[in-house]
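**Q** the sequence and its predicted three-dimensional model are supplied below.
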Amino acid sequence: MYMSNFPKKSLGFFPTPLVELSRLGRALGGPKIFIKRDDMTGLALGGNKTRKLEYLLGDAVIQGCDTVITAGAAQSNHCRQTAAAAAYLGMECHLVLGGEEPDQAQGNLLLDKILGCHIHWSGNHRKGEDIPKIFEQLKVSGKKPYIVPYGGSNQLGALGFVEALKELESQMKVEQFSHVVFASSSGGTQAGLMVGKKLLNKNFQLIGINIDKDETGEAPFGQHIIDLANRTARMMGVSDCFSEQDLILNSNYIGEGYGVIGKLETEAISLVAQTEGILLDPVYTGRAMGGLIDLIHMGVIDKKDTALFWHTGGVPALFAYSEKIDFSANARLPANYSTAARGN
């Protein structure tokens, strides 16, 4: 699969588990639902970004860099995993975080500080707008910095999910999935899965649940994913060309915007926790699972189908939301869910 040509540093515990959510499936009255546990990649409480960082920081090491810079929101899972990867590799880490420094560090931000990284607060700039200035300052100070893109989502980062789909195929001994559902935010995960799907000639639908409003003023997010998939394929020496026909990006669950948790997310988090003992996060996987559940209710995913939910991690952010939502109000399964889910 043309992967051996790219430098890579081993950072995570792979393969991650693939398990059936049988109690959740019964609670929803079907279909079969499986989960890919990238929340268990191992690097600083896990997450899917570890897959991307193996290739990105492999490139940084080959280039002789001693410092990494990346950006994200204050509760960025990507930033937390980048900080952990840098610590593991003995590199200095600078995080450019949107917003203002809170009085108390919680969730991912607390872990960032424990990991010893340097934090730069950037107000409304949470997608790396201030990185070039910091990059130049580090060079002047004698450092050799490496920029890890927002979300780890460039061609090298996307390779992590081309490889992830090959890993998934090796675990699919019996089940064949009709749908693969996941949170889509910076595009690298979806682009890599698109390339992997085409290389492996798979027929399942890849459904990205859009997490963020498209307010950049640049190319639409869907087009960004298509372009990234094409750049990744070309870098691998693959001639396949991706178009809108290859993309399913569902933007029906954005709600009030990025990181604003609502009924969709809280009910999904509570339901999965109470049926399976698995935690989702309030920003990404809670919203994506809420989308999956709604697609089942609407019949888009039929009760005879077999769906895979890709858990991309992010659980540390739950703690930062403790004062923003009362999860105790969702402590019981909604009445319309089958009580059969409480059986074995």
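**A** Looks like it arrived, so ask away. Only a predicted model underlies this, so the values are computations on that prediction, with no experimental measurement involved. Numbers count the residues shown, from 1 in each chain.
**Q** any stretches of this protein with poor pLDDT?
**A** 1-2, 126, 214-218, 327-344 (pLDDT under 70).
**Q** can you show me the helices along it?
**A** 22-27, 49-62, 77-89, 107-114, 131-140, 155-171, 188-200, 221-235, 263-276, 285-297, 317-320 (DSSP state H).
**Q** any chance of CSV for these, columns distance to Ser251 and mean neighbour count?
**A** C-beta here means a position set from N, CA and C on the backbone, and glycine is covered the same way. Below are these laid out as CSV (distance: least, C-beta to C-beta, whole Å; neighbours: other C-beta atoms under 10 Å):
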stretch, distance to Ser251, mean neighbour count
helix 22-27, 24, 20
helix 49-62, 22, 25
helix 77-89, 21, 27
helix 107-114, 25, 21
helix 131-140, 27, 14
helix 155-171, 20, 22
helix 188-200, 13, 25
helix 221-235, 8, 21
helix 263-276, 13, 20
helix 285-297, 10, 25
helix 317-320, 21, 20
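**Q** need those in a markdown table with distance to His125, can you?
**A** What follows is the helices of the chain, written out as a markdown table (distance: least, C-beta to C-beta, whole Å):
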| stretch | distance to His125 |
| --- | --- |
| helix 22-27 | 38 |
| helix 49-62 | 20 |
| helix 77-89 | 14 |
| helix 107-114 | 17 |
| helix 131-140 | 9 |
| helix 155-171 | 21 |
| helix 188-200 | 20 |
| helix 221-235 | 18 |
| helix 263-276 | 25 |
| helix 285-297 | 23 |
| helix 317-320 | 20 |
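**Q** wait, which of those is closest to Thr16?
**A** Across the helices of the chain, Thr16 has its closest neighbour in helix 155-171 (7.8 Å, C-beta to C-beta).
**Q** okay, now the domains of this structure?
**A** Annotated domains of the chain cover 18-46+154-342, 49-152 [automatic domain parsing].
**Q** for Met3, which of those domains is the nearest?
**A** So among these, domain 18-46+154-342 is nearest, using C-beta to C-beta, at 5.9 Å.
**Q** rewinding a little: quick one, which of the helices of the chain is nearest to Ile209?
**A** Using C-beta to C-beta, the nearest of the helices of the chain to Ile209 is helix 285-297, at 4.0 Å.
**Q** JSON lines for the domains of the chain, including distance to Gly12?
**A** Formatted as JSON lines, the domains of the chain follow (distance: least, C-beta to C-beta, whole Å):
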{"stretch": "domain 18-46+154-342", "distance to Gly12": "4"}
{"stretch": "domain 49-152", "distance to Gly12": "4"}
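**Q** closest one to Ser4 among the ones you listed?
**A** For Ser4, the closest of the domains of the chain is domain 18-46+154-342, at 10.9 Å, according to C-beta to C-beta.
**Q** and the closest one, how far out from the chain middle?
**A** Relative to its chain's centre, domain 18-46+154-342 lies at 8 Å (C-alpha atoms, centre = their mean, to the nearest Å).
**Q** now swap in stretch 125-137 and tell me
**A** 22 Å.
**Q** can you tell me what sits against stretch 11-25?
**A** Here stretch 11-25 makes contact (C-beta atoms under 8 Å, 6 or more residues apart in numbering) with 31-38, 40-43, 46, 50-51, 53-54, 57, 85, 88, 167-168, 170-172, 271-272, 275-276, 278, 308-309, 341-343.
**Q** for stretch 98-109, same thing?
**A** Under C-beta under 8 Å, 6+ apart, the answer for stretch 98-109 is 71-77, 79-80, 97, 112-113, 119, 121-127, 316-322.
**Q** hmm, 7 Å instead?
**A** Applying C-beta atoms under 7 Å, 6 or more residues apart in numbering, the external contacts of stretch 98-109 come out as 73-77, 79-80, 113, 121-126, 316-317, 319-320.
**Q** cool, stretch 238-246 as well?
**A** 194, 198-199, 226, 229-230, 233.
**Q** find the pair from those with maximum spatial separation.
**A** Greatest spatial distance in the contacts of stretch 238-246: Leu199 and Ile226, 16.4 Å, computed using C-beta to C-beta.
**Q** out of the helices of the chain, nearest to Ile254?
**A** Of all the helices of the chain, helix 285-297 comes closest under C-beta to C-beta, at 8.0 Å.
**Q** can you name every helix or strand that the closest one contacts?
**A** Packing partners of helix 285-297 (3 or more C-beta pairs under 7 Å, 6 or more residues apart in numbering; DSSP states H and E): strand 179-184, strand 205-210, helix 263-276, strand 306-311.
**Q** can you say which of those is nearest to Ile131?
**A** Short answer: strand 179-184, nearest of the helices and strands packed on helix 285-297 by C-beta to C-beta, at 22.4 Å.
**Q** who does the closest one touch, helix- and strand-wise?
**A** Taking 3+ C-beta pairs under 7 Å, 6+ apart as the contact cut, strand 179-184 packs with strand 205-210, helix 285-297, strand 306-311.
**Q** got those as a markdown table, with distance to Glu20 columns?
**A** Below are these laid out as a markdown table (distance: least, C-beta to C-beta, whole Å):
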| stretch | distance to Glu20 |
| --- | --- |
| strand 205-210 | 19 |
| helix 285-297 | 15 |
| strand 306-311 | 9 |
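**Q** if we compare those, which one ends up closest to Asn252?
**A** Short answer: helix 285-297, nearest of those by C-beta to C-beta, at 7.2 Å.
**Q** got the angle for that closest one vs strand 179-184?
**A** For helix 285-297 against strand 179-184, the angle by axes from the mean of the first three to the mean of the last three C-alpha atoms, to 10 degrees is 150 degrees.
**Q** all good on my end, thank you.
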